[in-house]
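Student: Make a model of this:
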Amino acid sequence: MAWGIWAIILVVLLILEMLTVDFTFTMVAGGALVAAISSALGANLVVQVIAFVIVSALLLVVVRPWMRKHINNSSHGESNVYALTGQYATAITALDESSGQVKIGGDTWSAVSVAGPIKAGEKVVITAVQGAHVVVAPA
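Tutor: Numbers count the residues shown, from 1 in each chain. Below is the predicted model of the structure:
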């Protein structure tokens, strides 16, 4: 019946992983899975705990870094509005150092120019995002 306890631990760890999405609890859940299987195969408690510790440690050291690098990787590059940097837009009003608007994809953004006045209709490149404004330069 010890396999049932390991199964409960496994489910709790997977629920915790859904809340954190850090892959730590998933790796420890892998250790709990191996311990549950060893229990179902008749191994004693010492073997189950050793299997749990070894598998969890191996998964944390070997698999977790790879998963963090390839899955759900928010540590590299920009995301959200900061991903706009480097993209091209079209000036829909005249731009200067204090005001203007640009069209980025289908969205209209308030913009300021870092390179002097820019006429409406000209292509610009986004150099930065400052709050609700984008900073642009001629393309």
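Student: Any idea how many residues pack against Ala2?
Tutor: For Ala2, the count of nearby residues is 15 (other Cβ atoms under 10 Å). Yep, even glycine has a C-beta here, placed from its N, CA and C like the rest.
Student: check contacts around it.
Tutor: When contacts are counted by Cβ atoms under 8 Å, 6 or more residues apart in numbering, Ala2 is found next to Ser39, Leu45, Gln48.
Student: now for the worst-scoring helix or strand of the chain on mean pLDDT, which elements pack on it?
Tutor: Using mean pLDDT, DSSP states H and E, helix 64-70 stands out as the lowest-scoring helix or strand of the chain, at a mean of 84. In this structure, helix 64-70 packs against helix 24-40, with contacts taken as 3 or more Cβ pairs under 8 Å, 6 or more residues apart in numbering; DSSP states H and E.
Student: got the buried residues for the helix it packs on?
Tutor: 24-36, 38-39 (16 or more other Cβ atoms under 10 Å).
Student: ok, these vs Arg68, which is closest?
Tutor: Here the nearest of the buried residues of helix 24-40 to Arg68, counting by Cβ to Cβ, is Thr24; it sits at 9.7 Å.
Student: Enumerate the positions of the longest helix along the chain that are buried.
Tutor: With DSSP state H applied, the helix covering the greatest number of residues in the chain is identified as helix 2-20. By neighbour count with 16+ other Cβ under 10 Å, helix 2-20 contains the buried residues Trp3, Trp6, Ala7, Ile9, Leu10, Leu13, Glu17.
Student: Flag the shaky bits of this structure, pLDDT-wise.
Tutor: Low-confidence segments of the chain, defined by pLDDT under 70, span residues 1, 72-79.
Student: Could you list the domains of it?
Tutor: With domains defined by automatic domain parsing, the chain comprises 2-70, 80-138.
Student: The first one spans what distance, first to last residue?
Tutor: Distances were taken as Cα to Cα, to the nearest Å; on that basis the terminal residues of domain 2-70 are 35 Å apart.
Student: just the shortest one next, same as before
Tutor: The separation between the terminal residues of domain 80-138, taken as Cα to Cα, is 23 Å.
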